[in-house]
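Q: the amino acid sequence is not available; the structure is as follows:
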């Protein structure tokens, strides 16, 4: 199957990203505060923890945007708050013609938003849809990573087409699984806001971030009136510390994925028909087995040392390789193929570890099949 994975940065570029982030931190956070756990509550004149505001300035500088705000609810909360800051409940939002990520569906239902779909893979189709809508939508949501195996759209081009057809319409991008792996965020490519999870960047549980136009970020801040809605100083520092290491770790993981894919396509692993790299939603390897036994292989891999289920799909807890079912959005696009397919994310593991576990898991499944036939 032909896939179109996102072009990701090299390890050298990741190192440069790390250094830029630390440089931004040195401009806004004094050394003593970096070695503390930060402050709490509603600091007079600030409306939140001073440490959190300083960390948000660091992220704004690093991503070259007007402003940023840390939010609760991880990536889901970030998308939800971003949409709330720019559109009213009950309005129409343009999205890609593909299965929408389940938590985003929940947000649409909560806000009473209507999803209007257009094919982002075709510039001509998108332009036609925009001309026909003619003011029938209030905003646009673009997911950076792929929603279907065959997705090929360039997010920068999608944003450009939208802005040309409807200059004043706000665009928010879901940058989960893409940020720090690609060279530019959705905002840097022309969107008004980008939203993503800090938990997927080695940060603390439940923390997300929205970056971009100050007028929308300020709308989010105004909704965080109470102390309980604030991201506290220690959480903000944990998010910053996690992101400092995330860039290089993700680049190493990306290189491992490429090497692992080549090994899986070498023909040396019995039972594997083919393997290809895809953004589903994180950058992973999708393997197609020769027989529809993916569920059994996944179960056996869990007993052999693989991660049995995701936590944040690249969180700080996910060290073991993930050998898991393909994502729900991909399954909806190809229900019959799910029995043959497995998603592999090596996380912090090397090629040899993944190959060992996969070989044994497939062998166990083949032995079980042979035993069943004998009976």
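A: Looks like it came in fine. Because the structure is predicted, anything quoted here is derived from the model rather than measured.
Q: tell me where the chain has strands.
A: Here the chain has its strands, by DSSP state E, at 67-72, 92-96, 114-118, 139-143, 171-174, 193-197, 207-212, 272-279, 283-289, 322-324, 341-345.
Q: which residues does the first one contact?
A: So that's strand 67-72. Outside of strand 67-72, the residues within contact range by CB atoms under 8 Å, 6 or more residues apart in numbering are 52, 55-57, 59-60, 77-78, 81, 198, 206-214, 217-218, 220-221, 224, 229, 231, 235-236, 239. For the C-beta atoms, the positions are set from N, CA and C on the backbone; glycine is no exception.
Q: next one: the shortest one
A: With CB under 8 Å, 6+ apart as the contact definition, strand 322-324 has outside contacts at 284, 297-298, 301-302, 306-310, 313, 342-347, 354, 357-358, 361.
Q: now the strands of the chain in a markdown table, with mean neighbour count and mean pLDDT?
A: A markdown table is the format used below for the strands of the chain (neighbours: other CB atoms under 10 Å; pLDDT from 0 to 100):
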| stretch | mean neighbour count | mean pLDDT |
| --- | --- | --- |
| strand 67-72 | 24 | 98 |
| strand 92-96 | 22 | 96 |
| strand 114-118 | 16 | 95 |
| strand 139-143 | 25 | 96 |
| strand 171-174 | 27 | 98 |
| strand 193-197 | 29 | 98 |
| strand 207-212 | 29 | 98 |
| strand 272-279 | 19 | 92 |
| strand 283-289 | 23 | 92 |
| strand 322-324 | 24 | 94 |
| strand 341-345 | 23 | 94 |
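Q: gap between stretch 251-267 and the chain center?
A: Average the C-alpha atoms of stretch 251-267, do the same for its chain, and the two points are 20 Å apart (CA atoms, centre = their mean, to the nearest Å).
Q: hmm, who's touching that stretch?
A: 8-11, 13-14, 181, 269, 272, 274-277, 283-285, 287, 314, 344-351, 354-355, 358.
Q: and the closest residue to residue 296 other than its chain neighbours, what does it touch?
A: Distances taken as CB to CB, 6 or more residues apart in numbering place residue 365 nearest to residue 296, at 4.4 Å, with adjacent residues excluded. Applying CB under 8 Å, 6+ apart, we find residue 365 in contact with 271, 293, 296, 297, 300.
Q: among those residues, which are in helices?
A: Per DSSP state H, helices hold the following members of those: 296, 297, 300.
Q: pLDDT wise, what is the closest residue to the last one other than its chain neighbours at?
A: Closest residue to residue 300 in three dimensions, ignoring its sequence neighbours and counting by CB to CB, 6+ apart: residue 361, at 3.9 Å. We note a pLDDT of 95 for residue 361 in this prediction.
Q: and residue 361, how close does it get to residue 253?
A: 21 Å (CB to CB, to the nearest Å).
Q: ok, now residue 96?
A: The value you get for residue 96 to residue 253, if CB to CB is used, is 26 Å.
Q: any idea which helix or strand in the chain has the lowest mean pLDDT?
A: Counting by mean pLDDT, DSSP states H and E, the chain has its least confident helix or strand at helix 328-333, which shows a mean of 65.
Q: just put the strands of the chain in a markdown table and tack on distance to residue 126.
A: Compiled in a markdown table, these are given as follows (distance: least, CB to CB, whole Å):
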| stretch | distance to residue 126 |
| --- | --- |
| strand 67-72 | 29 |
| strand 92-96 | 9 |
| strand 114-118 | 5 |
| strand 139-143 | 10 |
| strand 171-174 | 13 |
| strand 193-197 | 20 |
| strand 207-212 | 22 |
| strand 272-279 | 20 |
| strand 283-289 | 24 |
| strand 322-324 | 32 |
| strand 341-345 | 29 |
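Q: out of those strands, the one nearest residue 248 is which?
A: Residue 248 lies closest, by CB to CB, to one member of the strands of the chain: strand 283-289, at 15.4 Å.
Q: how much does the closest one deviate in direction from strand 272-279?
A: Relative orientation of strand 283-289 versus strand 272-279 (axes from the mean of the first three to the mean of the last three CA atoms, to 10 degrees): 160 degrees.
Q: give the contact list for residue 51.
A: Residue 51 makes contacts with 29, 33, 36, 38, 39, 233, 234, 236, 237, as judged by CB under 8 Å, 6+ apart.
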